[in-house]
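Enquirer: no sequence for this one, just the structure:
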């Protein structure tokens, strides 16, 4: 069965520092992978997605993610975090029955 | 193009009542999925509709039901509300129903509080 693990429940980084949020998945075939961001009280906004092809995908707001099949990972990265990036981030896998990770809450220190 | 809209945004009900939530997908999108988000269980898939047919269903009791209309708008209904049904209910729409290219776009959600 497909599943997603986000090992970090909460991460704190300083503004301007780099960021990496981890995501590991379990999926029987070629996975469709997504990262979403959710601000408090809001819905989910799509940051980026991977279906096939180039394993490094670019998204909105300066985010990127790298698909590593050998490690079953799809980690999200950003070279320089802004205070407005503080939110909860969800990794998801699947298509017809999308499975979400538990989320990683990002706090940005001034 | 307008995004996914959900109404109402907030709702307070009491145990035993029923509730209907509405979702209007992005124009041209034919697939609508519903999710329940709670602090304890996270995001859980409820069901998906495509062209007025339920295609997939998550592991929720029969009190949770839905439908989709010919204009792709969707409603979900929860009967005999329980305290544990308090949650943020999210609707997502996608252009295609399955496979590669299926990208879901989420609405702002309906926050349901059951007292």
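Expert: Thanks, I have it. In this text, all values refer to a predicted model and were calculated from it rather than measured experimentally. Numbers count the residues shown, from 1 in each chain, chains lettered A, B, ... in the order given.

Enquirer: only C-alpha atoms for contact and neighbour calcs from this point on.
Expert: OK.

Enquirer: in chain A, which residue sits closest to chain B?
Expert: residue A:43 (4.0 Å; Cα to the nearest Cα).

Enquirer: any idea whether the closest residue to that residue other than its chain neighbours is helix, strand or coil?
Expert: Leaving aside its chain neighbours, residue A:43 sits nearest to residue B:108 (4.0 Å; criterion: Cα to Cα, 6 or more residues apart in numbering or on different chains). Using DSSP: H, G, I helix; E, B strand; the rest coil, the structure places residue B:108 in coil.

Enquirer: my guess is residue B:108 meets residue B:6, correct?
Expert: Yes. Residue B:108 is within contact range of residue B:6, at 6.7 Å (criterion: Cα atoms under 8 Å).

Enquirer: residue 1: what's it in contact with?
Expert: All of this is about chain A. Residue A:1 makes contacts with A:26-28, as judged by Cα atoms under 8 Å, 6 or more residues apart in numbering or on different chains.

Enquirer: was after chain B, sorry
Expert: Here residue B:1 is in contact with B:26-27 (criterion: Cα under 8 Å, 6+ apart).

Enquirer: what's the helix or strand for it?
Expert: If you go by DSSP states H and E, residue B:1 is not part of any helix or strand.

Enquirer: residue A:110 versus residue B:72, what's the distance?
Expert: Computed as Cα to Cα, to the nearest Å, the residue B:72 to residue A:110 distance reads 45 Å.

Enquirer: now residue B:48. Nearest residue, chain neighbours left out?
Expert: Closest residue in space to residue B:48, ignoring its immediate chain neighbours: residue B:33 at 4.1 Å, by Cα to Cα, 6+ apart.

Enquirer: name the nearest residue to residue 104, sequence neighbours excluded.
Expert: Since you didn't name a chain, this refers to chain A. residue A:9 (4.6 Å).

Enquirer: that's the wrong chain, I meant chain B
Expert: In space, residue B:104 is closest to residue B:94, 4.8 Å off (Cα to Cα, 6+ apart).

Enquirer: that neighbour: neighbour count?
Expert: 23 (other Cα atoms under 10 Å in any protein chain shown).

Enquirer: with residue B:22 instead?
Expert: 21.

Enquirer: kindly report the same for residue A:13.
Expert: Around residue A:13 there are 19 residues (other Cα under 10 Å).

Enquirer: repeat for residue A:29
Expert: Burial of residue A:29 is recorded as 8 neighbouring residues (other Cα under 10 Å).

Enquirer: which SS class is it?
Expert: Using three-state DSSP, the structure places residue A:29 in coil.

Enquirer: where does it land on pLDDT?
Expert: pLDDT, residue A:29: 75.

Enquirer: ok, now residue B:99?
Expert: Looking at residue B:99, its pLDDT stands at 65.

Enquirer: swap in residue B:40?
Expert: 89.

Enquirer: ok, it to residue B:86 distance?
Expert: Taking Cα to Cα, one finds residue B:40 at 11 Å from residue B:86.

Enquirer: OK, contacts around the residue nearest to residue A:43?
Expert: Contact analysis of residue B:108 by Cα under 8 Å, 6+ apart lists A:41-44, B:4-6, B:9, B:90.

Enquirer: one more: residue B:6?
Expert: Shown in contact with residue B:6 (Cα under 8 Å, 6+ apart): B:21-24, B:91, B:107-110.

Enquirer: which SS state does it fall under?
Expert: With three-state DSSP as the criterion, residue B:6 reads strand.

Enquirer: again, but for residue A:70
Expert: Per three-state DSSP, residue A:70 ends up helix.
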